[in-house]
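S.K.: Need coordinates for the following:
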Amino acid sequence: MQKELTSMVVALNKDIKKAWDVVSEIEYATPYQDENGENPVADANYHYLEFLNRGIYIKLCIALTHVGAMEVLNDLREDFKTWNLKGVDMPYWAEGLTCPATSRLSQYVDGLASLLYEEVGTPGLGLAIEITKLQRILLGTPTLILHSKIEPSNEKEIRVKMYELLIHYYPDTVREIPISKVSKTYKPDIGIKSLKTAVEYKFCDSADELKTAIGGVYEDIMGYNGSADWTTFFAVFYMTDPYMTQAQVEAEFEMAGAPHNWKPLLVTGQGQRAKSRRKRKEEAKESDGTNSPNCELQATDVTPLE
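M.R.: Reported below is the predicted structural model:
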């Protein structure tokens, strides 16, 4: 029974991940329209999301029957009647688009996976699901910042807001817990103890800053290596403009030999460094003539009409 249940949970976990990937595709494809004002890409993804969620439901029914969890199975069947399998929405807490049906299915999969903890001691399956959820929250960083009505100028402003959000999801969220090495102490920006996951934020106001930040993460990788408290790492690069693509940075990590438990995430949002903000304000003043030395003369050297 253990082997069959493990196979079922692994398959369900893969399907859940596919469903969340499709939700992300819908989010990115939504603005697109062809010459007829239609969006065939998004439409196809909606149908695929419905197909995946229905498949997850069927597999869950089989798995719950297999383990004899008939009361949970009955709850699932009643629950299922109220779901829109291809429905998505944008929650106010700003983690991007989500699918309520996929979220509810994930809860049932979590419950099924919990049986494995007692039987074969493999908590990695449940952790994988939770870490996938965390990744979606981190990808929604720019939207949270936008709704917070701040224009960040450094990493600290961003990680404070993200900590305030994450502490409600994961009560064991911590900040800057030191990891001591021989010559230096490393402190992850945010850590979630139950997931053994650390999050590093990098604020990048230029392409050069992004390259420097990527190099800094390589140093962090060496610093956190071997830590028993943190086994999964997200490096979130908050860009004020799209200086690189996700694929480019992933290729950079791969070429540098970064371990697979380090995942770079690129997000683009509002903000700028304080020095850049001051410079742009000065340039704006110069362009409208308010800083011109002749302004006062021009304003006073006017002969009034008689």
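S.K.: So what does residue 236 have for phi and psi?
M.R.: For residue 236, the backbone dihedrals (degrees, to the nearest 10) come out as phi -100, psi 120.
S.K.: got it, and residue 191?
M.R.: Here is the backbone geometry of residue 191 (degrees, to the nearest 10): phi -130, psi 140.
S.K.: For it, give the beta-bridge partners.
M.R.: residue 174, residue 198 (DSSP bridges).
S.K.: quick one: it and residue 199 touch, right?
M.R.: Yes - the pair residue 191 and residue 199 passes the contact test of Cβ atoms under 8 Å, sitting 7.3 Å apart. The way it works is simple: take the backbone N, C-alpha and C, and place the C-beta from them, glycine included.
S.K.: Tell me where the stretch 151-300 of the chain has strands.
M.R.: Taking DSSP state E, counting those that start in this stretch to define them, one finds strands in the stretch 151-300 of the chain at 173-175, 179-180, 185-186, 190-192, 197-204, 232-239, 262-268.
S.K.: Which of those strands comes out lowest on mean pLDDT?
M.R.: Within the strands of the stretch 151-300 of the chain, confidence is poorest for strand 179-180, with a mean of 58 (mean pLDDT).
S.K.: so who does residue 56 touch?
M.R.: Contact partners of residue 56, counting by Cβ atoms under 8 Å, 6 or more residues apart in numbering, are 12, 15, 16, 19, 102, 105, 109.
S.K.: Can you tell me the SS state at it?
M.R.: The local conformation at residue 56, judged by DSSP: H, G, I helix; E, B strand; the rest coil, is helix.
S.K.: per-residue pLDDT, it?
M.R.: The per-residue pLDDT of residue 56 was computed as 94.
S.K.: next one: residue 177
M.R.: 72.
S.K.: Could you check how far the closest residue to it other than its chain neighbours is from residue 150?
M.R.: Using Cβ to Cβ, 6 or more residues apart in numbering and skipping the chain neighbours, the partner closest in space to residue 177 is residue 191 (5.3 Å). Distance of residue 191 to residue 150, computed by Cβ to Cβ, to the nearest Å: 23 Å.
S.K.: and the closest residue to residue 213 other than its chain neighbours, what are its bridge partners?
M.R.: Distances taken as Cβ to Cβ, 6+ apart put residue 202 closest to residue 213, at 3.8 Å, once the chain neighbours are dropped. Beta-bridge partners for residue 202, by DSSP bridges, are residue 237.
S.K.: Test my guess that residue 141 contacts residue 159.
M.R.: No - counting by Cβ under 8 Å, residue 159 is not a contact partner of residue 141; they are 9.5 Å apart.
S.K.: need the contact list for residue 201.
M.R.: So residue 201 contacts 155, 158, 159, 162, 189, 190, 236, 238 (Cβ under 8 Å, 6+ apart).
S.K.: Show me the chain divided up by domain.
M.R.: As given by automatic domain parsing, the domain ranges for the chain are 1-133, 140-294.
S.K.: any idea which of the contacts of residue 56 has the most stuff around it?
M.R.: residue 105 (26 neighbours; other Cβ atoms under 10 Å).
S.K.: follow-up on the earlier one: quick check on residue 141 and residue 159: which one has the bigger neighbour count.
M.R.: Legend: neighbour count by other Cβ under 10 Å for residue 141 and residue 159, higher for residue 141 (26 against 23).
S.K.: re the thing from before, between residue 191 and residue 199, which one's more packed in?
M.R.: Using other Cβ under 10 Å, the more surrounded residue of residue 191 and residue 199 is residue 199, with 26 against 23.
S.K.: Please tell me how far that one sits from residue 140.
M.R.: From residue 199 over to residue 140 the distance is 13 Å, taken as Cβ to Cβ.
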